[in-house]
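> Quick one, fold the following:
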Amino acid sequence: MRSVKKEANRILFCPVFSEFFFKINIATTEVHLLPYLLMEINVSGIVYLVGAGPGDPELLTLKALRLIKNCDALVHDALIPDEITKEAGKNTEIFHVGKRAGKCSVPQAETNALILKLAKEGKNVVRLKGGDPFVFSRGGEEVSILEKNGISVEIVPGITSGIAAPTYFGIPLTHRDAASSVTFVTGHERVDKEKKTVNWRDLAKSSDSLVIFMGIKNIEFIVEELILGGLDKSTKCAVIQEATLKNQKCLIEKLDNLPDKIKDKEFLAPSIIIIGKIVEFKVNNNITKVSDVYLPDINKVQLYNKSQK
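Residues are numbered from 1 along each chain as shown. Sure thing, here's the model as predicted:
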């Protein structure tokens, strides 16, 4: 935990406690008394719910980096690269609470309890989540629990993979000649939901571009429903795995062939799926280093950063 002097500065200049400290006439030279005062008023820490972006450490926001470097405790998900977590201070407590499909993971209830415990101990906590903390990330659930327990929360946006993945591969999500709307949708709703909220047949008609998160497992069902909803089976699609990371790869294929190609090329989670005419407007992104790009008429294409040529 931070030194007594740093804690004094944080508390003494907090409006909530300014009147309290004025009444007891504590001076900044009397910070040795602060630990006892903190025990009396039971000061909690603050939780920063931070988006880490899609994976590339250079896509981390400056604010996120500052908070990571200065927090007392870092609680992070599975998809956060080591290059980011190692930016934490040498005295920072680090907790891995990642969730990956088909693998052992920390239950959400335990994660909530851990964050709450750390905050009640007076620590400043960074809850670091991949992408944006409020896009298919349970961030809203975590904030609700913290607020119910009187813990202050600050939310720091991050770049969601739903935007970063297509952008890195030169696929615009909107275009005056192809798409005036884009829909972000989960391809894997909670299995215990009483009523499913995603109607793929309606989405086939209502949105120019679809960006699907966590859709690999259910891709056969999704494609079938979209075609039944009226979407042309020759519609171009893109599947992007591990976007912005060194092992990223992209598949471009027609809608009706998509499930078979995903299996053939062994695309796995985490992947983003983009469906719509917009995929036809793909351009080359010469900034991105891409490991593997699978195209209908090309077996393998290597793209490199200009600086590496």
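
> hey, let's count contacts and neighbours off CA atoms from now on
OK.

> got the contact list for residue 50?
Residues in contact with residue 50 (Cα atoms under 8 Å, 6 or more residues apart in numbering) are 64, 126, 127, 128, 129, 132, 133, 155, 156, 157, 158.

> actually residue 44, not the one I typed
119, 120, 121, 122, 123, 151.

> with the residues you listed in mind, which one is nearest to residue 270?
residue 119 (30.5 Å; Cα to Cα).

> any idea how far the closest one lies from residue 54?
When distance is defined by Cα to Cα, to the nearest Å, residue 119 is 26 Å away from residue 54.

> pLDDT value on the closest residue to residue 244 other than its chain neighbours, please?
Distances taken as Cα to Cα, 6 or more residues apart in numbering place residue 56 nearest to residue 244, at 5.4 Å, with adjacent residues excluded. Looking at residue 56, its pLDDT stands at 90.

> how about residue 56, what does it touch?
81, 244, 245.

> so who does the second one touch?
Put plainly, it is residue 244. 54, 55, 56, 164, 165, 168, 288.

> Could you check how many residues crowd around residue 66?
12 (other Cα atoms under 10 Å).

> Helix or strand: which one has it?
Residue 66 belongs to helix 62-70 when elements are defined using DSSP states H and E.

> Now do the strands in the stretch 1-150 of the chain.
Listed from the start of the chain, the stretch 1-150 of the chain has strands (DSSP state E, counting those that start in this stretch) covering 46-51, 73-76, 93-96, 125-129.

> For the second one, which strands pair with it and how are they oriented?
When you say that, I think you mean strand 73-76. Under the criterion DSSP bridges, strand 73-76 sits next to strand 93-96 (parallel), strand 125-129 (parallel) in its sheet.

> So what's the gap between it and the chain middle?
Its chain's average C-alpha position is 14 Å from that of strand 73-76, according to Cα atoms, centre = their mean, to the nearest Å.

> Just put the strands of the stretch 1-150 of the chain in a markdown table and tack on distance to residue 178 and mean pLDDT.
Putting the strands of the stretch 1-150 of the chain into a markdown table (distance: least, Cα to Cα, whole Å; pLDDT from 0 to 100) gives the following:
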| stretch | distance to residue 178 | mean pLDDT |
| --- | --- | --- |
| strand 46-51 | 30 | 98 |
| strand 73-76 | 38 | 98 |
| strand 93-96 | 42 | 97 |
| strand 125-129 | 33 | 98 |
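
> Endpoints of stretch 274-281, how far apart?
12 Å.

> Equivalent analysis for stretch 165-179, please.
Span of stretch 165-179 from end to end, Cα to Cα: 17 Å.

> Centre of the chain to that stretch, how far?
Centroid separation between stretch 165-179 and its chain, computed with Cα atoms, centre = their mean, is 20 Å.

> now stretch 88-107
14 Å.

> now the biggest helix by length in the chain and strand 46-51, what's the angle there?
Assignment by DSSP state H gives helix 108-120 as the longest helix of the chain. Put simply, helix 108-120 runs at 130 degrees to strand 46-51, going by axes from the mean of the first three to the mean of the last three Cα atoms, to 10 degrees.
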